[in-house]
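**Q** have a look; sequence and predicted model below, questions after that.
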Amino acid sequence: MPVVEFNPGGIRVDVEKGSTLLQAIQKAGLPLASYCGGLGACGKCKVVVKEGWGNLSSLTKSELKLLDKRSLEENTRLACQARIEGEYVSIYIPSESMITSAGRSIAAVVLSDDVYPLNPVVKKIHIKLPKPTLEDNRPDLERLRDALIELGYLPPGQDLQVPIEILRELPTILRNSDWDVTAVMYENELIALEPGDTTSLSYGVAVDIGTSKIIVELVNLNTGESVGRESVENPQLVYGADVVSRIMYAEKNNENLVKLQRLAASAINTLIRKITERNRIKHEYIYEVVIVGNTVMHHVFYGIHPGFIARSPYVPVVSRALNYKAEKVGLEINQQGYVSSLPVLRGFVGADAIADLLATQMHKRKELILVIDIGTNTEVLLGNSEIILAASAPSGPAFEGAHITHGMRAVPGAIGSVKINGLDIEYETIGGLKPSGICGTGLIDTIAELHRNGIINSQGKFSNVDHPRLIRDKDTYKFILVTAEESATGTNIYITPRDIESILLAKAAVRAAWIILSRKLGIQPWEIYKVYVSGSFGAKLNVDNAIKIGLLPNIEKDKVVFIGESSIVGAKIFLKSSDARREISEVVNRKIKYVELSIDPEFRDVYYQSIYLNS
């Protein structure tokens, strides 16, 4: 069986002949970027062959198209295209080909999560029970139940639900603690019985499972305050940058779906562990985890088949709020703790969009509010207290730097802003480091500046072909943003017509969404009171340039508000408030209307018109 060795690290794996290097890397558990899901379209899975070039299949058309002359001279291959045909291959994986969360910026939270009275589902009650006597020989469970009824935590006549594991330990815990215990209630279920008074130790976790990143926040359920927050790149990225790639991978076999589910659960456990260890909190004092994410991320997290979400008529398996024992999905909290999720709507509009709604409180506002959660899957909400329309814009991962020649995520070294004045280019990188590539906000600035300087026309085509920074290579143009001498990679950082097209198509999808929703409400975009831009992407967005290229409506600049990671805010509200849970269920059932853009008769025309820069 062939052996593949990976460096740095010297890791070796055995693989079947005919396997791709990408499959070998995934088997080794290495986080190689594969944003197109191994289709040979993004060019991000570059590896350098150190030994065994002849033991690999010939270069494919995709490699000849995506790899430049220098890369080919350095024995670079695309891992998803190179198949193993001999007995041994040794490859080097450059750092820029690896998925890393080092320095990944998470936008500051702007909105409050204290808009409802603190009233979590989890309740901890300190009880000193009377000891049994010959005169009062009630069974242990009934004694505990009666005390909870007397204290008002259980309605009279209500049966107390008790897991068999707790029932087995009940007599021992009561007597060893001298009948001084803390009951942990989840609605009418006893999920833990702890010796003594542990009421001060009550925690929950809010989780936002994004297509590209996962955010975890630990919350003190007694005070409502955040204890700590951690984030990481979504480890599922190795199987594709967008939800369609993940669906395609999951549909190959059930093992793949299980693998994706376990990757998410493991990442969440790791982040929880980081926070609890830093704050010296035991995991058994965490009683609930609330999950939000788009419909695909939601289904995959629960191990639910996501395939039919991507096929007409785009039906999810379930839309209501879910609630299961956390151990069923592999989360390491209290043994009887729960994992819950907000409702999803339809199509790709999932629990994250409902969390955005909850965070912005747009369902209580008289003014018209537009919420745009820009990401690999962009959710758009428009409405007020009377009606809210929701749609999913198929923007794809271009704003995350995927499918862009020198695109990268918003990590240190990424160009985040660009200014062009004639021949001069000014740029800023995240962290002030030498540039390694360009992230979404930098791409939007670049396109706006190229258009402002007359270097590209309204279609995004290069019109000033005599510009000194524009070079022709093979059958395409390259606009040099950073020379090889300036860059961290030792190569030119440039933007191509294909890159510009990818951003314009992504922009057009978002623009078409809010235009269609505006028309359905019978309003003009200038009538919108506020535009809330959610997520890490929005935090560094140049509003003027976003409006100039048509990503945002052409309204007063002060009407655009960046609200940070609003999905995690909504998850925290859901975690902390039983009232919010009931309210949002009512809103989803009665006030929100899902709009399927793909069947809207105006969408195609609006989409194509929205591609242009002067649209």
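**A** All right, it came through fine.
**Q** what's near enough to touch the closest residue to residue 439 other than its chain neighbours?
**A** Nearest non-adjacent residue to residue 439, counting by Cβ to Cβ, 6 or more residues apart in numbering: residue 414, 4.0 Å away. For every residue, glycine as well, the C-beta is placed using N, CA and C. When the contact criterion is Cβ atoms under 8 Å, 6 or more residues apart in numbering, the partners of residue 414 are 401, 408, 429, 430, 435, 436, 437, 438, 439, 442.
**Q** neighbour count added to those residues, as TSV?
**A** Below are those laid out as TSV (neighbours: other Cβ atoms under 10 Å):
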residue	neighbour count
401	28
408	24
429	22
430	24
435	23
436	22
437	24
438	29
439	27
442	31
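**Q** correct me, but residue 240 touches residue 36?
**A** Yes: taking Cβ atoms under 8 Å as the definition, residue 240 is a contact partner of residue 36 at 6.7 Å.
**Q** middle-most residue in the chain, spatially?
**A** The C-alpha lying nearest the average C-alpha coordinate of the chain belongs to residue 210 (Cα atoms, centre = their mean; 0.9 Å).
**Q** how close does that residue sit to residue 342?
**A** Noted for residue 210: a distance of 14 Å to residue 342, by Cβ to Cβ, to the nearest Å.
**Q** kindly report the same for residue 237.
**A** Spatial separation of residue 237 from residue 342 under the definition Cβ to Cβ is 23 Å.
**Q** report pLDDT for the residue nearest to residue 243 when sequence neighbours are not counted.
**A** Spatial nearest neighbour of residue 243, excluding adjacent residues (Cβ to Cβ, 6+ apart): residue 296 at 4.0 Å. Confidence at residue 296, expressed as pLDDT, is 96.
**Q** next one: stretch 157-171 to chain centre, how far?
**A** Between the centre of stretch 157-171 and the centre of its chain there are 38 Å (Cα atoms, centre = their mean, to the nearest Å).
**Q** please identify the buried residues of that stretch?
**A** Using 16 or more other Cβ atoms under 10 Å as the burial criterion, the residues of stretch 157-171 that qualify are 160, 162, 166, 170.
**Q** do me a favour and get the end-to-end distance for it?
**A** From its first residue to its last, stretch 157-171 covers 23 Å (Cα to Cα, to the nearest Å).
**Q** wait, residue 339 touches residue 288, no?
**A** Yes: between residue 339 and residue 288 there is a contact under Cβ under 8 Å: 7.4 Å.
**Q** quickly list what's touching both of those two.
**A** Shared contacts of residue 339 and residue 288, defined by Cβ under 8 Å, 6+ apart, are found at residue 326.
**Q** in stretch 312-323, which residues are buried?
**A** Using 16+ other Cβ under 10 Å as the test for burial, stretch 312-323 gives 314, 316, 319, 321, 322.
**Q** wait, the residue nearest to the centre of the chain sits on residue 297?
**A** Yes: the pair formed by residue 210 and residue 297 meets the contact definition of Cβ under 8 Å, at 7.1 Å.
**Q** stretch 78-89 - what's its average pLDDT?
**A** 92.
**Q** report the distance from it to the chain centre.
**A** Computed by Cα atoms, centre = their mean, the chain-centroid distance of stretch 78-89 equals 32 Å.
**Q** which of the residues in that stretch are buried?
**A** For stretch 78-89, the buried set under the neighbour-count rule, 16+ other Cβ under 10 Å, comprises 78, 79, 80, 81, 82, 83, 84, 85, 89.
**Q** and those residues, which is closest to residue 227?
**A** Within the buried residues of stretch 78-89, the smallest distance to residue 227 is 39.7 Å, found for residue 79 (Cβ to Cβ).
**Q** now do the contacts for the closest one.
**A** 20, 21, 22, 25, 32, 34, 45, 46, 47, 91.
**Q** look up how far residue 93 lies from it.
**A** Counting by Cβ to Cβ, the gap from residue 79 to residue 93 is 8 Å.
**Q** that concludes my questions; thank you for your assistance.
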